[in-house]
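In: After the sequence you'll find the predicted model.
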Amino acid sequence: MSTRHSVFAAALDAIGKSGLGNLLAPLTRGLGVILTLHRVRGPSGRGFSPNNILEITPDFLDVALACLKSLGYELVTLTEAVARLRTGRGRTPFAALTFDDGYRDNLTEALPVLEHHSAPMTLFVTPGFAERSTRLWWIELEEALRRLEHVRIERAEFSFEALARSDDEKARAFEALYWRLRDMPEVGRLAIVSGLSEEAGVNIYALVDRLCLDWDGVAQMARHPLVAIGAHTLTHPVLARCDEARMRDEMAGSREAIRRRLGVTPAHLSYPFGDRQSAGLREFETAAELGFAGAVTTRPGVLFSAHARHLHALPRISMNGLFQDARLFETLVSGVPTLIWNRGRRCDAA
Ligand SMILES: [Zn+2]
């Protein structure tokens, strides 16, 4: 676990043990919560797995849903969540589940658990993944580092060198590379990861094929009564780094591609990466202008009535693979940790 995550886990644990979460929940949990999920699969059991924050086990999904029910939460669709924000009505807190990217295990591992709990979900689909034309560069980077013992990148705009023999060294190299890559222009980023993938023998499109639903799989999900399909851009870029035209095209184009392929029009959008550096006011305004009923970020937080005025900048709480524990989860949805994180601000939509 990185230092940042250890500190956060310790804070969550302390808030839980102090009873503060339970005590303050009626004041801090807000109207409800939107949960972010990515992959759902059995424990990977490998030492170096830097993307494991983006996956939980089916067992923990089951535990978390049971926990929400025992706390009195109603499991609702995202459409219903947005409707309740608009009207401010409903005395019971609600939780809406959202899954980003469109992984195969959402169908095979997550859906049976959701069926068991009658829990609806929104699947945010990136057409480029379904078509195997967009790359999961952050997973490529993990796969490449797993196989390499030494990383050396020499480019005009980017140089990096690190040993990657042990799991610790690999984790440090990943952490350092990931953030530098996230912040750089897409062409350069993909070229660098391509170089590492080639050196390590990672087949980049086979990886997408192995992990992501194809259109048939997405269609199968779309036919399920518990599943709504949302848009997650065409090629999963950092939208804030795209020029205006591409940013609009990524949003509108993904909705159109899904409509063409599946005959359903996504009502909601999820911004790729979704943090402050990846989506801001320009993206929120564009999503509203394009007619999405709501759009979700990965800014951490629960939902308050103030969000009714910011339906295209909705916060979510990530079901983080590092915190797969019922008590930590209960503390998270109490809204106390995110309120502290947001320095007491309930709504952060700027
Ligand atoms: Zn995504």
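Out: Received, thanks.
In: Strands of the stretch 51-200 of the chain, start to end?
Out: Secondary structure of the stretch 51-200 of the chain (DSSP state E, counting those that start in this stretch): strands at 55-56, 74-76, 94-101, 121-125, 150-155, 158-163.
In: Please determine whether the first one lies in contact with the ion.
Out: No: contact of strand 55-56 with the ion (CB under 5 Å from the ion) is absent, the minimum separation being 12.9 Å. C-betas here are computed from N, CA, C, even on glycine.
In: Run me through the strand neighbours of that strand, direction for each.
Out: Next to strand 55-56 in the sheet, as set by DSSP bridges, lie strand 39-40 (parallel).
In: Please give the number of neighbouring residues around the residue nearest to Ala130 when sequence neighbours are not counted.
Out: Distances taken as CB to CB, 6 or more residues apart in numbering put Trp215 closest to Ala130, at 4.9 Å, once the chain neighbours are dropped. If you count neighbours by other CB atoms under 10 Å, Trp215 ends up with 17.
In: Show me the residue of the chain that gets nearest to the ion, please.
Out: Residue of the chain nearest the ion, by CB to the ion: Asp100 (4.0 Å).
In: which residues does that residue contact?
Out: Thr36, Leu37, His38, Phe124, His232, Ser270, Pro272 (CB atoms under 8 Å, 6 or more residues apart in numbering).
In: Repeat the analysis, applying 7 Å as the threshold.
Out: Thr36, His38, Phe124, His232, Ser270 (CB atoms under 7 Å, 6 or more residues apart in numbering).
In: What's the local residue count around Phe158?
Out: Around Phe158 there are 15 residues (other CB under 10 Å).
In: which residues pair with it across the strands?
Out: Assigned bridge partners for Phe158, using DSSP bridges, are Arg155.
In: Who are the contact partners of it?
Out: Met184, Gly188, Ile192.
In: Against Ala156, how distant is the second one?
Out: Distance of Gly188 to Ala156, computed by CB to CB, to the nearest Å: 9 Å.
In: so Pro43 touches Glu55, yeah?
Out: No: checked against CB atoms under 7 Å, the pair Pro43 and Glu55 is beyond contact range at 9.2 Å.
In: So which of these two has more stuff around it?
Out: Glu55 (23 against 14).
In: so the more buried one bridges to which residues?
Out: Assigned bridge partners for Glu55, using DSSP bridges, are Arg39.
In: That one reaches Thr36, doesn't it?
Out: No: counting by CB under 7 Å, Glu55 stays clear of Thr36, with 11.8 Å between them.
In: can you list residues touching both of the two?
Out: By CB under 7 Å, 6+ apart, no residue touches both Glu55 and Thr36.
In: so what are the domain limits for the protein?
Out: 3-132+212-341, 137-206 (automatic domain parsing).
In: Out of the ones you listed, which is the most enclosed?
Out: domain 3-132+212-341 (a mean of 19; mean count of other CB atoms under 10 Å).
In: and that one, how far out from the chain's middle?
Out: Relative to its chain's centre, domain 3-132+212-341 lies at 6 Å (CA atoms, centre = their mean, to the nearest Å).
In: quick check: mean pLDDT across it?
Out: For domain 3-132+212-341, mean pLDDT is 93.
In: got it, and stretch 176-190?
Out: Across stretch 176-190, the per-residue pLDDT values average to 93.
In: Can you dump the C-alpha atoms of it in PDB for me?
Out: The C-alpha trace of stretch 176-190 is given here as PDB (Å, rounded to 0.1, in the frame of the first residue of the first chain):
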ATOM      1  CA  ALA A 176       6.400   7.600 -10.300                       C
ATOM      2  CA  LEU A 177       5.600   6.700 -14.000                       C
ATOM      3  CA  TYR A 178       1.800   6.700 -13.700                       C
ATOM      4  CA  TRP A 179       1.500  10.300 -12.500                       C
ATOM      5  CA  ARG A 180       4.000  11.700 -15.000                       C
ATOM      6  CA  LEU A 181       2.300   9.800 -17.800                       C
ATOM      7  CA  ARG A 182      -1.200  10.900 -16.800                       C
ATOM      8  CA  ASP A 183      -0.100  14.500 -16.900                       C
ATOM      9  CA  MET A 184       1.500  14.400 -20.400                       C
ATOM     10  CA  PRO A 185       0.000  14.700 -23.800                       C
ATOM     11  CA  GLU A 186      -1.700  11.500 -25.000                       C
ATOM     12  CA  VAL A 187       0.500  10.700 -28.000                       C
ATOM     13  CA  GLY A 188       3.700  10.800 -26.000                       C
ATOM     14  CA  ARG A 189       2.200   8.800 -23.200                       C
ATOM     15  CA  LEU A 190       0.900   6.000 -25.400                       C
END
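In: Around the ion, pick out the residues from the stretch 201-350 of the chain.
Out: Near the ion, when you scan the stretch 201-350 of the chain using CB under 5 Å from the ion, you find Pro272.
In: hey, where'd the strands end up in the stretch 201-350 of the chain?
Out: Counting by DSSP E, counting those that start in this stretch, the strands of the stretch 201-350 of the chain are 227-231, 268-270, 294-300, 314-318.
In: Identify all contacting residues around stretch 21-37.
Out: With CB under 7 Å, 6+ apart, stretch 21-37 has contacts from 15, 56, 78, 81, 84-85, 93-100, 296, 298, 302-305, 314, 316-319, 330-331, 333-336, 339.
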